[in-house]
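Novice: Dropping the sequence and predicted coords here.
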Amino acid sequence: MSPRLPGLILALASLLGLAAFLSPFMRPPAQQSAAVIAAHGDDALFTLLALSVLVLAAVFANVQAGLMTSKTLAVLGALAAVGAVLRFAPGPGGFSGVFFLPILAGYAFGVQFGFLAGATTLLASAFFTGGVGPWLPYQIFAAGWVGAGAGLLPRLRPNSRGELLLLAAAGWLFGMLYGAVMNLWFWPFIFQPQQAAQFWQPGIGLAETLQRYGLFYLATSFLWDIWRGIGNAALILLFGAPVLRLLRRYQQRFQFAVG
């Protein structure tokens, strides 16, 4: 099996995620309301099933191509399980420890492993916490992109201060971007007339859409996301170096590298 196939499958998964986030703007909901839970009630299950199939297909393709082994799968499963437990870590605002390991795994093992680590961690944490709902496939996409984004970071001298600072800064940025992206799973579905300038309506242009979303983001989740970003950066600064050394030892011991 071609070693390129796993990457193509995950690229297809990302395209599915992009389409899922943007489809309400292209095919507006029949009716907007103030209830967030009404968002994606008719397609969230299909999106989750399609995403799950693609993630499993990517793992299978990696195994068949010799890029992953049973030991690699064990590492992926362990990271997902520990990351899910870290979601229970208390903290202010949007702080969550769930992104700590996907960021480090993506940086250590590459884009594909980072996407899989982020996706499986969010899926596992959703079942551990009972956080299963129409928002779940969108959380999985966004977390996968966080892990993949870490895999795209430039490589600095291993175990250097610069490497740790880069990862901490990226962790803060990923925390902010995760929140900004996740709002889009429900934002096109809701509307409150008394605050119309913060909500999307069918027919408005791109510039006005961005302006309204900016107002909505600042008013609702900006401060929440700042705490998520700070939490990511703090965890990386405090524990990133030893965890990264451990991941690299696993990589050398099992001799795997998922692109």
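Specialist: Thanks, I have it. Since the model is a prediction, treat every value here as computed from it, not as a measurement. Residues are numbered from 1 along each chain as shown.
Novice: so what's residue 244 up against?
Specialist: By Cβ atoms under 8 Å, 6 or more residues apart in numbering, the contact set of residue 244 is 104, 107, 108, 158, 159, 163, 167. All C-beta atoms are positioned from the backbone trio N, CA, C, and that covers glycine.
Novice: from those, which single one is nearest residue 210?
Specialist: Minimum distance to residue 210 across the contacts of residue 244 is 29.5 Å, recorded for residue 167 (Cβ to Cβ).
Novice: Measure how buried residue 2 is and give me the count.
Specialist: Residue 2: 10 surrounding residues under other Cβ atoms under 10 Å.
Novice: Give the closest residue to it in space, chain neighbours not counted.
Specialist: Spatial nearest neighbour of residue 2, excluding adjacent residues (Cβ to Cβ, 6 or more residues apart in numbering): residue 65 at 6.8 Å.
Novice: one step back: any of the contacts of residue 244 buried? List them.
Specialist: 104, 107, 108, 163, 167 (16 or more other Cβ atoms under 10 Å).
Novice: ok, the residue positioned nearest the centre of the chain - contacts?
Specialist: For the chain, residue 143 is the residue whose C-alpha lies nearest the centre (Cα atoms, centre = their mean; 1.1 Å). Neighbour list for residue 143: 98, 99, 102, 118, 119, 121, 122, 178 [criterion: Cβ under 8 Å, 6+ apart].
Novice: SS state for it?
Specialist: Recorded secondary structure, residue 143: helix (DSSP: H, G, I helix; E, B strand; the rest coil).
Novice: measure it to residue 50 for me?
Specialist: 17 Å (Cβ to Cβ, to the nearest Å).
Novice: what's the answer for residue 111, then?
Specialist: 21 Å.
Novice: next one: the helix or strand that contains residue 104 to chain centre, how far?
Specialist: Using DSSP states H and E, residue 104 sits within helix 100-109. Here helix 100-109 shows a centroid-to-chain-centroid distance of 12 Å under the convention Cα atoms, centre = their mean, to the nearest Å.
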